[in-house]
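**Q** Everything below, folded, please.
(one chain, ligands or ions: 2)
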Amino acid sequence: MFIKKIFGINDEHKPKEKIVWLDLGDLGDLVNPAGPHEQWQDHGLGLLRTILHQNGVMTDLLSTRAITSWDQLKPQLKGYEMMIMNVRSYTYPSAYRAAKIFKEVNPNGMIVTGGMHATVALDEMEAVPEFDKICQGPGENVIVDLVTNPAKHPRVILGVGAKSMAEWPMIDRTLWPQPNSKKLAKKFSWPLEPECGWGPGPVVTLLTSRVCPWQCVFCNENSYIPNMGRRPVEMVIDELNFLDRKYGIGSLVIHDSMFFQNPSWLEEWVEKYPRKANKVWPYWAAARADTVRQWPELFESVIRQTNWNTVSIGFESGSDRVLKILNKECTEEDNYFAIDLLTRIGDDMEKQGKKPPLFWSNIMLGIPGETRDDAFKTMRMVKYTKRILPSISFYAPYPGSALGHQLIAEGKSNMSKENYHRFPDDEKVKGIDYHFYRELLAGKYDADVNRGLTQLAQNRKNFRDALIKA
Ligand code: B12
Ligand code: SF4
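**A** Ligands and ions are numbered 1, 2, ... in the order given. Below is the predicted model of the structure:
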């Protein structure tokens, strides 16, 4: 009972405020998480709650990740006049279920929603009568008015965002949900975040830019996230130094969809981060193979001088045919160029007694149109890479993306409002031979995959564990 009281897992939760923000995610992710990435905090929630509180609109916070059964949510939600949620496609099932529960216990209460899913799948949001307000697009310049004067707004609202991330306040990280078990709290480092194997904790997750301008058909977020200016380098460093003084930082995860873009910003980063940050913390951040090939010197100096030690690249596929299907605008050659360059830099750093950087490599399998030979080439590229943390997933047709919309329209998507998830073994598209892919990952086709690889590369095997929930 004592532990239950401390961490709030009880039926006695009493509203302090009239409004509650419900953080969304799988049950138990802040109690006994299945993996590290489920514990990352939601920057949309953090930013908008910060803005609300700075404007005197106070909210309580609850989280579906902090409970372990839906029954626990009912008594917690009772008594609120308003519930706010940031709904992404992968949290839509939780939002849907929570909305039903909220209305059951507060029939006169109002539910205000926003987030990616509202932007890309409005029809699905509108079909849920419990969602009283649905805001598409960015919310930073509309949230206060919407929450304080909801009657003024129609059911579907077009959000208003900042022109530049320079206008965003620093997120008050204490407004994020806390881990809800003694065991997790010990290693979480709240209000910073736990380490996930990329760098030492406490971890600071941050965003320096919002939109990636490319148009990969499985993603193309620039079709639904309005363009906005990048956060100035100095502001990023000031925030990090502030957090370091207050909590102590171990490493960073830069959540930008595409960190390695905009050379002038990166040059300034190379110049200022090593000089002005309290410490040159190692970090995880994303690039594309073609931008690495376009600006190899810049890539090398960002790696060497700013301690960019986990380079996330969405290689996606090792086959030109599939890269074309995906409109990745990267070729097999670009991919191998980036792999060879990072290997060379890593070997050199190792010789100097430094920790070599490695790839966090996003790979997709089960893409419509992919042949077995394409998949062998992809696995061959994964095995070829010397220093790699592969993150492999079966392609999922998300709304918002061109290919996702097409497959949904053709009735080929298996994702539904009860299950939008990307569990490793989920079969997300009709007509894909998932049995073959599972066997491929288990090594059954190693003879085909290994063709042309050195013995050392051939020895890298069994990638079933690399299938992450993503
Ligand atoms: C960081 C990130 C992650 C992190 C952390 C997620 C987290 N806990 O927040 C990790 C790595 C774990 C992750 C994982 C995944 N992610 Co992700 N992720 C992102 C990323 C890069 C940034 C999110 C972010 O912080 N944005 C900044 C904040 C400020 O924006 P925001 O939350 O959308 O909020 C704004 C508006 O939506 C709006 N708003 C939000 N809520 C509300 C509420 C109200 C009332 C109002 C008025 C407005 C409003 O106002 C906010 C300010 O403008 C985005 C891409 C992007 N650039 O946004 C993808 C993105 C959200 N992820 C996506 C996906 C698909 C995934 C994965 C399924 C795997 C993948 N990458 O393919 C997994 C699923 C994880 C899981 N099962 O739990 C998609 C979602 C698509 C969709 N249709 O919903 C995105 C858009 C990327 C993409 N283009 O594919 N992700
Ligand atoms: S997959 Fe990566 S490169 Fe392609 S549009 Fe999305 S964020 Fe940009």
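
**Q** ranges for the helices of the stretch 251-400 of the chain?
**A** Secondary structure of the stretch 251-400 of the chain by DSSP state H, counting those that start in this stretch: the helices cover 263-276, 289-294, 296-306, 320-325, 332-351, 372-384.

**Q** After the lowest-mean-pLDDT helix or strand in the chain, which helix or strand is next?
**A** Here the helix or strand of the chain ranked lowest by mean pLDDT, DSSP states H and E is helix 2-7, holding a mean of 44. Downstream of helix 2-7, the next assigned helix or strand under DSSP states H and E is strand 19-23.

**Q** That following strand pairs with which strands?
**A** Using DSSP bridges, the strands paired with strand 19-23 are strand 60-63 (parallel), strand 82-86 (parallel).

**Q** Please work out which residues outside it touch it.
**A** Counting by C-beta atoms under 8 Å, 6 or more residues apart in numbering, strand 19-23 makes contact with 42, 45, 49, 57-66, 77, 80-85, 98, 102, 147, 176-177, all of which sit outside it. For every residue, glycine as well, the C-beta is placed using N, CA and C.

**Q** can you do 6 Å?
**A** 45, 49, 59-63, 80, 82-85, 98, 177 (C-beta atoms under 6 Å, 6 or more residues apart in numbering).

**Q** With stretch 257-271 instead?
**A** Residues external to stretch 257-271 that are found in contact with it (C-beta under 6 Å, 6+ apart): 212, 230, 233, 285-287, 291, 298, 301-302, 305-306.

**Q** How about the residues of the stretch 251-400 of the chain by ligand 1?
**A** Residues of the stretch 251-400 of the chain found near ligand 1 (C-beta under 6 Å from any ligand atom) are 255, 257, 398-400.

**Q** would you list every one of the helices in the stretch 1-150 of the chain?
**A** 2-7, 43-54, 73-77, 92-105, 116-120, 122-126, 143-148.

**Q** which of those helices is buried the deepest?
**A** helix 116-120 (a mean of 25; mean count of other C-beta atoms under 10 Å).

**Q** Check whether it comes near ligand 2.
**A** No. Applying C-beta under 6 Å from any ligand atom, one finds that helix 116-120 is not in contact with ligand 2, the shortest distance being 12.9 Å.

**Q** Same check on stretch 389-396?
**A** No. Contact of stretch 389-396 with ligand 2 (C-beta under 6 Å from any ligand atom) is absent, the minimum separation being 11.8 Å.

**Q** CA atoms of that stretch as CSV?
**A** The C-alpha atoms that make up stretch 389-396 are tabulated as CSV, following Å, rounded to 0.1, in the frame of the first residue of the first chain:
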residue,chain,number,x,y,z
LEU,A,389,22.8,-1.7,-34.1
PRO,A,390,20.2,-2.8,-36.6
SER,A,391,16.6,-1.7,-35.9
ILE,A,392,14.6,-3.9,-38.3
SER,A,393,10.8,-3.7,-38.7
PHE,A,394,8.2,-5.0,-41.0
TYR,A,395,6.8,-2.2,-43.1
ALA,A,396,3.7,-0.6,-41.6
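
**Q** what about it, average pLDDT?
**A** When the per-residue pLDDT values of stretch 389-396 are averaged, the result is 91.

**Q** now check stretch 136-144, is it near ligand 1?
**A** Yes. Under the criterion of C-beta under 6 Å from any ligand atom, ligand 1 is reached by stretch 136-144 at 138-140, 142-143.

**Q** and if you look at stretch 82-93?
**A** Yes. With C-beta under 6 Å from any ligand atom as the measure, stretch 82-93 is seen reaching ligand 1 through 84, 86, 88-90.

**Q** For that stretch, measure first residue to last.
**A** One end of stretch 82-93 sits 19 Å from the other (C-alpha to C-alpha, to the nearest Å).

**Q** And for stretch 167-181?
**A** For stretch 167-181, the first and last residues are 36 Å from each other (C-alpha to C-alpha).

**Q** related to what we said a few turns ago, mind putting the helices of the stretch 251-400 of the chain in TSV, distance to ligand 2, mean pLDDT and mean neighbour count included?
**A** Output for the helices of the stretch 251-400 of the chain, formatted as TSV (distance: least, C-beta to the nearest ligand atom, whole Å; pLDDT from 0 to 100; neighbours: other C-beta atoms under 10 Å):
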stretch	distance to ligand 2	mean pLDDT	mean neighbour count
helix 263-276	16	98	15
helix 289-294	9	97	20
helix 296-306	15	98	17
helix 320-325	11	97	18
helix 332-351	12	98	18
helix 372-384	16	97	21
